[in-house]
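Asker: coordinates for the following, if possible.
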Amino acid sequence: MQRLVGIHAVSAALRSAREGGGRIDRVLIARGARNTRLRPLIGECGQLGIPVRLESRGALQRIAGTKAHQNIVAISSAGPYQALEQVLDGAGDSCTVVVLDSVQDPHNLGAVIRTADGAGAAAVVIPERRAAGLGDAAAKSAAGALESVPVVRVKNLGRALEQLKAADFWVYGLDAAADNDYDAIEYAARCAVVMGGESRGMRAKVAARCDFLLRIPLAGSVSSLNVSVAAGIALFEVHRQRRHRSGRD
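Answerer: Residues are numbered from 1 along each chain as shown. Got it, this is the predicted structure:
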């Protein structure tokens, strides 16, 4: 069961369901809630045939797992992960995939998914072991982006990178010790951007599978950035270059 908590996340889920990209089993509303922002969402549930149930605030808080539920929770029984093959089958000539190596904070995972959505990435790939998964904390931090950015969970990250390469993706890893800056290279039309975990960064065996290792030069005293911040910097550089090549800058 997947829970989408809050007005923003539920609104995004309803939009995806309306466009045929997702499924919602039911929507739960706090009994007595008077937030006017809930009314159009309830109306949309009626149009889509999605059942709406009233729950006590205490029950809704238990289901949501947080007090910050904004009086609405959507429930979906659909599995949260896609297969890498599904992503590759739908990949266009210009496509970005984000690969996370051992990112263990679910809030960081959700934030990266949200950033990936903003930068137009096609998917986020994570490993099964020693990494955060799509729990409630990640879904809340993603703020609805889970409805538009598929998350792929793989048993072997190195093998997944080889699959991407076989599909004509070039692999770029962010590494603070790299010699080349992230904005001093032209990214391929099909590219995978690899980010390391919070404590140790990218593992050596993952870095060895990258075609290029790049750094984000820092001017201050800190040696590294939060993974979601670094993802935003790199992904929007890819996005900027694509816009420039297409004449939209």
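Asker: only C-alpha atoms from now on, for both contacts and neighbour counts.
Answerer: Noted.
Asker: tell me where the model's unsure across this structure.
Answerer: Along the chain, the model assigns pLDDT under 70 to residues 1, 19-22, 77-79, 248-249.
Asker: ok, which stretches of it are helices?
Answerer: When assigned using DSSP state H, the helices of the chain occupy the ranges 7-18, 38-48, 57-64, 84-90, 106-118, 136-142, 157-166, 204-207, 227-245.
Asker: now the ones you listed in JSON lines, with distance to residue 172 and mean neighbour count?
Answerer: JSON lines is the format used below for those (distance: least, Cα to Cα, whole Å; neighbours: other Cα atoms under 10 Å):
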{"stretch": "helix 7-18", "distance to residue 172": "30", "mean neighbour count": "20"}
{"stretch": "helix 38-48", "distance to residue 172": "40", "mean neighbour count": "14"}
{"stretch": "helix 57-64", "distance to residue 172": "37", "mean neighbour count": "17"}
{"stretch": "helix 84-90", "distance to residue 172": "17", "mean neighbour count": "14"}
{"stretch": "helix 106-118", "distance to residue 172": "15", "mean neighbour count": "24"}
{"stretch": "helix 136-142", "distance to residue 172": "23", "mean neighbour count": "22"}
{"stretch": "helix 157-166", "distance to residue 172": "10", "mean neighbour count": "17"}
{"stretch": "helix 204-207", "distance to residue 172": "9", "mean neighbour count": "14"}
{"stretch": "helix 227-245", "distance to residue 172": "10", "mean neighbour count": "18"}
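Asker: got CSV for those helices, with distance to residue 70 too?
Answerer: Converted to CSV, the helices of the chain look like this (distance: least, Cα to Cα, whole Å):
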stretch, distance to residue 70
helix 7-18, 6
helix 38-48, 9
helix 57-64, 10
helix 84-90, 33
helix 106-118, 19
helix 136-142, 12
helix 157-166, 37
helix 204-207, 40
helix 227-245, 25
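Asker: nearest to residue 127, of the ones you listed?
Answerer: Smallest distance to residue 127 across the helices of the chain (Cα to Cα): 5.9 Å, for helix 157-166.
Asker: who are the packing partners of the closest one?
Answerer: Contacts of helix 157-166 with other secondary structure elements, assessed using 3 or more Cα pairs under 8 Å, 6 or more residues apart in numbering; DSSP states H and E, are made with strand 170-174, helix 204-207.
Asker: ok, the spatially most central residue of the chain - contacts?
Answerer: Nearest to the mean C-alpha position of the chain, by Cα atoms, centre = their mean, lies residue 113 at 1.8 Å. By Cα atoms under 8 Å, 6 or more residues apart in numbering, residue 113 lies in contact with 124, 142, 145, 146, 149.
Asker: what's the separation between the first one and residue 235?
Answerer: Relative to residue 235, residue 124 is positioned 12 Å away (criterion: Cα to Cα, to the nearest Å).
Asker: look up phi and psi at the residue lying farthest from the centre of the chain.
Answerer: Taking Cα atoms, centre = their mean, the residue of the chain most remote from its mean C-alpha position is residue 32, at 33.3 Å. Backbone torsions of residue 32, given as degrees, to the nearest 10, read phi 90, psi 0.
Asker: repeat for the one 4 residues further on
Answerer: Here the main-chain torsion angles of residue 36 (degrees, to the nearest 10) amount to phi -70, psi -20.
Asker: count of neighbours near it?
Answerer: Here the count is done by other Cα atoms under 10 Å, and residue 36 has 8 residues near it.
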